[in-house]
Structures are given as C-alpha cells and as structure tokens.
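**Q** My questions concern the predicted model and sequence given below.
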Amino acid sequence: MRLLECCFHATGGLDNVARMVYNGLILIKGVIMSKLTEYTIEVFKCDRRVKGSYRLIEKKDFAPVTKDYIDTVAEKFMNDGFIVKIFETYVTKTNLMGGKEFTERYDTPIYCSPSSESYWSM
C-alpha cells in the first residue's frame, strides 16, 4: 500500500501514473492487467541418439514476468525448431507431517520434498 500511496502523492493522482508494479501486479492507470510470476523454460531438441528422441538443450529461469512475455520467448524458440515446455518456477505444496503449505521448485525430486512419504521415511 505504501508504494501505491507514494506514487499517488508524488504524481498528484492515480490518473497521472502511466505504469507501476504493486504486489506483483501490473497497474496501468489503476486497472489491474496481469500478475507477475517466475517462470522456467525448458528447451528440447529432437535427437534420435537419445532414448525418448528429445535432448534437453537449456533451462532458463526468468525473474517475475507476465505470461504474455513468456509465451513470446517460447514462440521464438519454437520458430527455430525447438520444443519448449513452460513451468511456473515455484509451486505450492502441503507438508505431509505438519499440514502447512510451502513453496518449492517445480523440479524438486519427490524424495527431497516434504510433501512425500519417502522424504519422511529416510
């Protein structure tokens, strides 16, 4: 709320603010447009030398951006002939023992996640 108040007082009103980010949301003239989220893109290439016919070329983590931006980046890779998978970098899961919610990376192995029984049985 402080960011919004500071911008409001500094510009003399919300109508004068062209664009600002507040709590992960893009505000354009006071209208919420889209949410900023961290994304990871995995880029694959067809390769018959490996099992499954796909080889991981690159994993790119992005700072909080909009879904439209990530789709644009993925489209550039796909136009070059690559296969692209888009993931939200952090997912919310529930702790198996305590029942509290926590966030972890999408690619955390199941045996390293407190949301699985194998984590607690080691």
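**A** Yep, that arrived.
**Q** Which pLDDT does the model give A63?
**A** As summarised for this prediction, A63 has a pLDDT of 91.
**Q** Just the element for it, please.
**A** strand 54-65 (DSSP states H and E).
**Q** Next, the buried residues of that strand.
**A** Within strand 54-65, no residue qualifies as buried by neighbour count (16 or more other C-beta atoms under 10 Å). Every residue, glycine included, has its C-beta placed from N, CA and C.
**Q** what's the answer for stretch 72-84, then?
**A** By 16+ other C-beta under 10 Å, the buried positions in stretch 72-84 come out as V73, A74, F77, F82, V84.
**Q** And for stretch 102-117?
**A** Of the residues in stretch 102-117, those buried by neighbour count under the rule 16+ other C-beta under 10 Å are T108, S113, P114, S115.
**Q** domain ranges for the protein?
**A** Per the record, the chain has its domains at 2-35, 36-88, 90-122, by automatic domain parsing.
**Q** Please state the offset of the longest one from the chain centre?
**A** Centroid separation for domain 36-88 versus its chain: 12 Å, with C-alpha atoms, centre = their mean, to the nearest Å.
**Q** and that domain, how far apart are its ends?
**A** 11 Å (C-alpha to C-alpha, to the nearest Å).
**Q** now do the last one
**A** Criterion C-alpha to C-alpha; first-to-last residue distance in domain 90-122 is 24 Å.
**Q** show me the contacts for T108.
**A** For T108, no residue meets the contact criterion (C-beta atoms under 8 Å, 6 or more residues apart in numbering).
**Q** Could I get the phi/psi values of it?
**A** Main-chain torsions, T108, degrees, to the nearest 10: phi -70, psi 130.
**Q** Make sure I have this right: E75 is in a helix.
**A** Yes - secondary structure of E75 (DSSP: H, G, I helix; E, B strand; the rest coil): part of a helix.
**Q** show me where the protein has helices.
**A** Applying DSSP state H to the chain gives helices spanning 2-11, 67-79, 117-120.
**Q** weakest of those by average pLDDT?
**A** Per-stretch mean pLDDT for the helices of the chain is lowest at helix 2-11 (a mean of 38).
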